[in-house]
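A.B. asks: Give me a 3D structure for the following:
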Amino acid sequence: MAGAGADGERRIGVAMDYSDSAKKALEWTVDNLLRHGDTLVVVHVLHHGGEEAKHTLWAKSGSPLIPLSEFREPEVMKNYGVKADAEVLDMIDTAARQKQLKVVAKLYWGDAREKLCDGVEELKIDSLVMGSRGLGPIQRILMGSVTNYVLSHAPCPVTVVKGK
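C.D. replies: As a prediction, this is how the structure comes out:
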């Protein structure tokens, strides 16, 4: 399983887009992977949109690391163009308390496939968990699967949690 960083702390990433499959991946991570004292890194990739000019500064590097205390503030997240999700926050809060986790979030803008892989490398994530949207084979061919790309290119173990 995931190795530990130089300081002995494991950094477990969860790809989060607030879909049902991403919530399942978070739930699975909390139940099966996170251990006492780990760092949970919530990695969120937003598509470029109307807010683009505001985030030009972070287009390459992504947002600064966002601690849980700010991540749970709807007003702070609104500034990043993210709507707070009570279910996700509740899961993270509970896990953070029970397992004494350090929790940080990182936002990227652009292509989810590339940005998730960049994030794994930049944030020194030991293991990444992501949900699978369950596209059919034709949709996957036409749209390209974020999951397939990340499985092939991420420099760490990747666990894919299926929705059902």
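A.B. asks: Would you agree residue 130 falls within a helix?
C.D. replies: No: Residue 130 is assigned strand when assessed by DSSP: H, G, I helix; E, B strand; the rest coil, not a helix.
A.B. asks: for the chain, what helix or strand is lowest in average pLDDT?
C.D. replies: Using mean pLDDT, DSSP states H and E, helix 137-143 stands out as the lowest-scoring helix or strand of the chain, at a mean of 61.
A.B. asks: and residue 89, how many neighbours?
C.D. replies: 16 (other CB atoms under 10 Å). C-beta coordinates here come from the backbone N, C-alpha and C atoms, glycine included.
A.B. asks: Equivalent analysis for residue 64, please.
C.D. replies: Neighbour count for residue 64, taken as other CB under 10 Å: 11.
A.B. asks: ok, now residue 157?
C.D. replies: Look at residue 157: counted by other CB under 10 Å, it has 14 neighbours.
A.B. asks: And for residue 76?
C.D. replies: Close neighbours of residue 76, defined as other CB under 10 Å, add up to 14.
A.B. asks: how much space between the closest residue to it other than its chain neighbours and residue 107?
C.D. replies: For residue 76, ignoring the flanking residues on the chain, the nearest one in space by CB to CB, 6 or more residues apart in numbering is residue 70 at 4.6 Å. For residue 70, the distance to residue 107 (CB to CB, to the nearest Å) stands at 12 Å.
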